[in-house]
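> A predicted structure for the sequence below; I have some questions about it.
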Amino acid sequence: MRGKTTFIFLIHFHQPPGQNRRILERIQKNSYELLLRVFESYPDLRLTLHFSGPLLLYWREYYPDYLERLRKLIANGKIEVLGGTFGESVLSIIPWDDRLEQLIKGKELVKELLGVDVKGAWLPERVWDPTLPVVLEKAGYKYVILDDEVGYRAGLWKGDVHRAMLTEYSGSRVGVFFIDGPIRYILPWRSHTEVFDYLRSFSTGDGVEYVLWGSDAEKFGEWWDPRPAETWLRVFLSLLRETRDVELLTPSEYLKRHGFSGLVYLYPGSYDKMMEWSGGYFPNFLRKYRESNNMHKKMLYVRRKLKELDVFDKTWKEYFLGQANDAYWHGLFGGIYIASLRQGIYEHLIRAERIAESEGKYFLGEDLIIKELDFDYDGNNEIIVEAPLANYYIKPDDGGTLFEFDIKSKGKEFNLINSMSRYSEPYLRDVGNYHPDWYRRVSFREHIWREGANIWDWVNNTPFVDTSDFALSNYIVESIGKNFVRLVTTGHDWGKSKSPRLIAISKTYRFLEYGKVLEVEYRWRNLEKVTIFPRLSIELTLSPRLSYKTESLPWYTVDNEYNKSVLEHHISPWSKRVTLHSVDFDDIFIENEKHGELWIFPITTISRSEKGLRNEYQALGIVFNHQVSLKPGEEFGTKIRIWW
């Protein structure tokens, strides 16, 4: 009998919430339109396609004609469509009940927009957890797509990962198809001859061994010039039509013909690079990046609020989109370093929270709600301040800083401290003059600068430029009132003296006008018996809202005189007011009660993508400096107000 190979050609379409419209439109033109045009020329071929929930929703809003063409092609052709999670969320980092609902809502969205029932599930980033058969079976899925790396780590052989297998947990079972790793580096980058030679190397008499190519749609037209990409794909599909020893099947057709080849138990895992980036376990990203953990714990906190207020049915769509995986991780891909993707996560979560508060009458009889709880699950309590128009999250044990500032204006929800710190990444070891941050880039962090320190020392983390221990101080919550939180600490300034100088700080956060105005009052007190001359510093990191519609970045003005992009720095010897401007949001005003030296600098990170290293704008750093003389027991005080 002449041998043959079964080939499963699976293409994954996805764009995350928070993606810039310019990028979306380019990919739509270069890749998605190209692929649909080609598919329409080959309606007889058995293709397997997955479309993420966020992308389907985007098409429904902006490209309904494209969606209708796709629906007709699927109805009249031989394409199998996969389902998955509604928000393209990694299941291993979301609550158990959400896993099931995400999978069910993902199926329902495909049925609604494309008119087909799905049997298989695409797991975002193909992240597997051994407990998933329970929710997958309950949601009605017959099989999932994983990477061969997951199978090999479980002890499977090469022949095993080219056959469909079953796995179970607690009596629930689901089928598993494995993506072939090597072919993803061949197709479509090499010649058609090389691709078909590789496929034929898995030839058997009955075609029981399959080769599954499962990868991103953007490989056709976005990662590779559209014209040669389309030509390559058309030739490839034509050859598949004509070739008799390579048979194109969908996963469901394969199962009808060959069934499952046995039982396997799989470790948590994903593709090889993801295993490397995550340290072998996807939730490790939540530990590595404090910003990722912040979004994740915000998601968990919002979920509790939705359930307590009994409004989950009215908010689930926003909440589920706030679980989209892209902004929670980083590797060669991943979007933790992309500010607009983090912004998108916060927008959906804050919008769900705002709707819940309104529908559930959360503030009935209250102007302000202040809570002490362990928000970030690190064993220490944070302070959560909630008002109808804003939220303020304070971390006493990390310098008494403000680490989240949620503006809840309807239709413009976002976190004003959507910042990103600079981390020590392996690929940055040989990058000159790169100094990872030694503290998290958030707001209302205190420093005392050594003599001669300048803006470049602050931005570039020059060692020992901060001569005090206030930046990482563990503040004590002295008192919480109806509309304020007062924190205190005592620290040292080493400066030029032979012995450290003892200084006390009192920092009072006040929340006014239903949360629309934040006032932070400082009192620095000299506890020494001699006069001291410290250069006191208050650091803010703020992220003006980014526009999805235009390429225009936010800008700022200083004392109503200077007008600069957030990519430009500014130094003033005697200023007190900064105004942040965004294309599609109200101005944000920051005002210091007292004039002082002002530093403003864009906080940028160097990160890696498929196109190499790139410098990415994250937020705007703002520092107010005050050179003071304090006699024994004397205080220096000022107030900083932020409003919009």
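Now that the structure is in, tell me what you want to look at.
> tell me which residues form a beta bridge with Arg614?
Ser607 (DSSP bridges).
> neighbours around it, how many?
13 (other CB atoms under 10 Å). C-beta coordinates here come from the backbone N, C-alpha and C atoms, glycine included.
> going forward can the numbers begin at 26, since that is how I track them
Renumbered: residue one is now 26, and that last one reads Arg639.
> what is the longest helix anywhere in the chain packed up against?
The helix that spans the most residues within the chain, counting by DSSP state H, is helix 364-384. If you count contacts as 3 or more CB pairs under 8 Å, 6 or more residues apart in numbering; DSSP states H and E, helix 364-384 packs onto helix 315-333, helix 337-346, strand 426-432, strand 439-440, strand 637-652.
> now the second one: mean pLDDT?
When you say that, I think you mean helix 337-346. Mean per-residue pLDDT for helix 337-346: 96.
> what of the shortest one?
Averaged across strand 439-440, pLDDT comes to 97.
> show me how far that strand is from its chain's centre.
Centre-to-centre, strand 439-440 and its host chain are 13 Å apart (CA atoms, centre = their mean, to the nearest Å).
> what pairs with the helix or strand that that strand is followed by, parallel or antiparallel?
Sequence-wise, the next helix or strand downstream of strand 439-440 (DSSP states H and E) is strand 470-473. Strand 470-473 sits in its sheet next to strand 560-567 (antiparallel), going by DSSP bridges.
> tabulate the CA atom coordinates of the strand it pairs with in PDB.
Taking Å, rounded to 0.1, in the frame of the first residue of the first chain, the C-alpha atoms of strand 560-567 are listed here in PDB:
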ATOM      1  CA  ARG A 560      17.500  68.200  48.800                       C
ATOM      2  CA  LEU A 561      14.000  66.700  49.200                       C
ATOM      3  CA  SER A 562      12.400  65.000  46.300                       C
ATOM      4  CA  ILE A 563       8.800  63.800  45.500                       C
ATOM      5  CA  GLU A 564       8.600  61.500  42.500                       C
ATOM      6  CA  LEU A 565       5.400  60.800  40.500                       C
ATOM      7  CA  THR A 566       5.000  58.400  37.600                       C
ATOM      8  CA  LEU A 567       1.900  59.100  35.500                       C
END
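> contacts for that strand, please.
Residues outside strand 560-567 that contact it (CB atoms under 8 Å, 6 or more residues apart in numbering): 430, 441-442, 444, 466-476, 478, 483, 547, 549, 605, 613, 615, 617, 628, 644-653, 661, 663, 665.
> show the buried residues in these.
430, 441-442, 444, 466-475, 478, 483, 547, 549, 605, 613, 615, 617, 628, 644-651, 653, 661, 663, 665 (16 or more other CB atoms under 10 Å).
> excluding its backbone neighbours, what's nearest the residue nearest to the spatial centre of the chain?
With distances taken as CA atoms, centre = their mean, Ala352 lies nearest the centre of the chain, 1.2 Å away. Of all residues not flanking Ala352 in the chain, Leu366 sits nearest, at 4.0 Å (CB to CB, 6 or more residues apart in numbering).
> any idea of the pLDDT on that neighbour?
97.
> one more: Thr110?
98.
> just the element for the nearest residue to it once chain neighbours are set aside, please.
Spatial nearest neighbour of Thr110, chain neighbours left out: Gln127 (4.0 Å); criterion: CB to CB, 6+ apart. If you go by DSSP H and E, Gln127 is part of helix 121-139.
> strands paired with the helix or strand following that helix, and their directions?
Counting by DSSP H and E, the next helix or strand C-terminal to helix 121-139 is strand 145-147. With DSSP bridges as the test, strand 145-147 is paired with strand 105-109 (parallel), strand 168-172 (parallel).
> let's have these in CSV, adding mean neighbour count and distance to Ser240.
Supplementary listing: the strands paired with strand 145-147 in CSV, determined by neighbours: other CB atoms under 10 Å; distance: least, CB to CB, whole Å:
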stretch, mean neighbour count, distance to Ser240
strand 105-109, 25, 13
strand 168-172, 24, 11
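> any chance of those in JSON lines, plus distance to Asp297?
Shown next, in JSON lines, are these (distance: least, CB to CB, whole Å):
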{"stretch": "strand 105-109", "distance to Asp297": "21"}
{"stretch": "strand 168-172", "distance to Asp297": "7"}
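> of those, which is nearest Val502?
Closest to Val502 of the strands paired with strand 145-147, according to CB to CB: strand 105-109, at 43.9 Å.
> so where's the chain shaky on pLDDT?
26-27 (pLDDT under 70).
> can you list the domains in it?
30-303, 308-387, 400-668 (automatic domain parsing).
> need the winner for burial among those domains.
Highest mean neighbour count among these (mean count of other CB atoms under 10 Å): domain 308-387, with a mean of 21.
> off-centre distance for it?
9 Å.
> same check, this time on stretch 140-160
With CA atoms, centre = their mean, you get 21 Å for stretch 140-160.
> just stretch 617-629 next, same as before
28 Å.
> what's the answer for stretch 190-205, then?
With CA atoms, centre = their mean, you get 29 Å for stretch 190-205.
> and that stretch, how far apart are its ends?
Separation of the first and last residues of stretch 190-205 by CA to CA, to the nearest Å is 14 Å.
> what distance do you get for the residue nearest to Thr110 to Val115?
Noted for Gln127: a distance of 10 Å to Val115, by CB to CB, to the nearest Å.
> go on, Arg470?
31 Å.
> my guess is Gly131 meets Leu107, correct?
No. Applying CB atoms under 8 Å, one finds Gly131 not in contact with Leu107, separated by 9.4 Å.
> overlap in contacts of these two?
Both Gly131 and Leu107 are in contact with Ala146, where contact means CB under 8 Å, 6+ apart.
> can you tell me which residues contact the residue nearest to the centre of the chain?
Counted by CB under 8 Å, 6+ apart, Ala352 has contacts 41, 43, 317, 320, 360-361, 363, 366-367, 369-370.
> make it 10 Å
Contacts for Ala352 (CB atoms under 10 Å, 6 or more residues apart in numbering) come out as 41-43, 316-317, 320, 359-371, 443.
> that one: what secondary structure?
When classified by DSSP: H, G, I helix; E, B strand; the rest coil, Ala352 comes out as helix.
> try the one 5 residues further on
Three-state assignment for Leu357 (three-state DSSP): coil.
> phi first, then psi, for the residue lying closest to it once chain neighbours are set aside.
Distances taken as CB to CB, 6+ apart place Glu635 nearest to Leu357, at 5.8 Å, with adjacent residues excluded. Main-chain torsions, Glu635, degrees, to the nearest 10: phi -70, psi -10.
> for Glu635, give its distance to Glu538.
Distance from Glu635 to Glu538, by CB to CB: 46 Å.
> and the residue nearest to Lys574 when sequence neighbours are not counted, what does it touch?
In this structure, Lys574 finds its nearest non-sequential neighbour in Arg46, 5.4 Å apart by CB to CB, 6+ apart. Neighbouring residues of Arg46 by CB under 10 Å, 6+ apart: 53, 83, 87, 572-576.
> and Glu429, by the same measure?
Counting by CB under 10 Å, 6+ apart, Glu429 has contacts 319-320, 322-323, 371, 375, 400, 407, 409, 416-420, 440-444, 467-468.
> now Thr629
362, 445, 447, 484, 592, 639-644, 646.
> export those residues to a markdown table and tack on distance to His460?
Shown next, in a markdown table, are the contacts of Thr629 (distance: CB to CB, whole Å):
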| residue | distance to His460 |
| --- | --- |
| Tyr362 | 17 |
| Met445 | 15 |
| Arg447 | 8 |
| Val484 | 9 |
| Leu592 | 20 |
| Arg639 | 18 |
| Asn640 | 15 |
| Glu641 | 16 |
| Tyr642 | 18 |
| Gln643 | 15 |
| Ala644 | 17 |
| Gly646 | 14 |
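> let me know the closest of those residues to Leu497.
Closest to Leu497, out of all of the contacts of Thr629 and judged by CB to CB, is Arg447, at 16.3 Å.
> the closest one reaches Gln643, doesn't it?
Yes. At 8.5 Å, Arg447 and Gln643 qualify as touching, with contact defined as CB atoms under 10 Å.
> what is in contact with those two at once?
With CB under 10 Å, 6+ apart as the test, Arg447 and Gln643 both reach 362, 466, 628-630, 632.
> of those, just say which sits nearest to His217.
Using CB to CB, the shared contacts of Arg447 and Gln643 come closest to His217 at Ser632, 35.1 Å.
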